[in-house]
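Trainee: quick one, what's the 3D model for this:
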Amino acid sequence: MAAIEHTSLLHDAKGAGDFACTVCREEVALTPFERRTDDHGQVYDLWMCLRCHAILNATHLRKVRAGDDFLSLQADSSNDFYAVDSAYLSTVADQIDACGFFDYLFKVYPGQRRGVLIDFGAGRGIVAGCGAKYFEKVYAAELSLNVLRQVQAVMPNRDRVIVTDDYKSIPATFDCIASMHVLEHLPNLRDILDALVARLNPEGTLFFQVPMLLRAHLVSVHYTFFNEVSARSLCRQLGLDVISISYDNDLDFLNCISRKPSLNDQARPK
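Mentor: I've put the predicted structure just below:
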């Protein structure tokens, strides 16, 4: 029955190849989901991928496919959103102490190794600064380094944090990839995650947090809205085992922690 129902769903697909699913790269098994307006009245065509169930911002994915320079849009958006002043910089140490991401990670996955962390899409660098309390070395990767360098200059353990705008040039493999409120911004998220996970050490983790589908989270630079099904599908396609999917219900965020199999696990026949 499940196979028949799935086949029926695919008959309803309307994808025409003018954009692709950011999670599974599907171009045909896509169908309209809803039309919604953001807080400013802009209308978004939201589509669903019938293979992985991701919800996609078709309006702006089509613009990327047509040639929009999304990297410049993201860099400008990051600079505006993360702008800091002297008052903010005076609170950096307190914000790092208040950051609970890694306490949560170690609780859920006690086997987490504490060698090299990459905070991919580091923003202001608070997660990277928190990671520096626990990991031997932290790479904070961000499109624009203007704000990140200001914050790094005043963070504790800053000697452990290396900032970069070119994650491909990092001369290391990773024990943890942290990506907080970044994946939704990447129309090419699979290209980036495939490259990062290829450098993830066995038993290393991918830890990401993303916003759920709400009007307040509808912005032109959010291309993907995850749910539990699409998060699990992403991990499976990356060759990772899901450790935990949880929700911050106060803020409507989804958290996912997944693990790269050990070498012994990878050697076992499927």
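Trainee: contacting residues for the most centrally placed residue in the chain?
Mentor: Centroid-nearest residue in the chain, with CA atoms, centre = their mean: Leu183, separated by 2.8 Å. By CB atoms under 8 Å, 6 or more residues apart in numbering, the contact list for Leu183 reads Leu189, Leu193, Phe208, Val210, Thr224, Phe226. Where you see a C-beta, it was placed from the backbone N, CA and C, and this is true even at glycine.
Trainee: recalculate using a threshold of 6 Å.
Mentor: With contact taken as CB atoms under 6 Å, 6 or more residues apart in numbering, Leu183 is in contact with Leu189, Phe208, Val210.
Trainee: do Lys133 as well
Mentor: Neighbours of Lys133 in contact, by CB under 6 Å, 6+ apart: none.
Trainee: helices of the stretch 101-250 of the chain, start to end?
Mentor: Taking DSSP state H, counting those that start in this stretch, the helices of the stretch 101-250 of the chain run over residues 101-108, 126-131, 146-152, 189-198, 228-237.
Trainee: who does the third one touch, helix- and strand-wise?
Mentor: Judged by 3 or more CB pairs under 6 Å, 6 or more residues apart in numbering; DSSP states H and E, the packing partners of helix 146-152 are strand 161-164.
Trainee: adjacent strands (with direction) for the strand it packs on?
Mentor: strand 137-141 (parallel) (DSSP bridges).
Trainee: gap between the partner strand and the chain center?
Mentor: 16 Å (CA atoms, centre = their mean, to the nearest Å).
Trainee: now stretch 259-268
Mentor: 23 Å.
Trainee: ok, stretch 177-197 next?
Mentor: With CA atoms, centre = their mean, you get 5 Å for stretch 177-197.
Trainee: give the buried residues for that stretch.
Mentor: Residues of stretch 177-197 classed as buried: 177-187, 189-190, 192-193, 196-197 (neighbour count, 16 or more other CB atoms under 10 Å).
Trainee: cool, stretch 135-147 as well?
Mentor: Neighbour-count burial for stretch 135-147, counted by 16+ other CB under 10 Å, picks out Phe135, Lys137, Val138, Tyr139, Ala140, Ala141, Glu142, Leu143, Ser144, Leu145, Val147.
Trainee: stretch 105-112 now?
Mentor: For stretch 105-112, using 16+ other CB under 10 Å, the buried residues are Leu105, Tyr109, Gln112.
Trainee: now what about that stretch, what contacts it?
Mentor: Phe207, Ile243, Ser244, Ile257.
Trainee: could you pick out the buried ones from the residues you listed?
Mentor: Phe207, Ile243, Ile257.
Trainee: okay, the residues you listed in a markdown table with pLDDT and distance to Asp39 next?
Mentor: Formatted as a markdown table, the buried ones among the contacts of stretch 105-112 follow (pLDDT from 0 to 100; distance: CB to CB, whole Å):
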| residue | pLDDT | distance to Asp39 |
| --- | --- | --- |
| Phe207 | 98 | 29 |
| Ile243 | 98 | 34 |
| Ile257 | 98 | 31 |
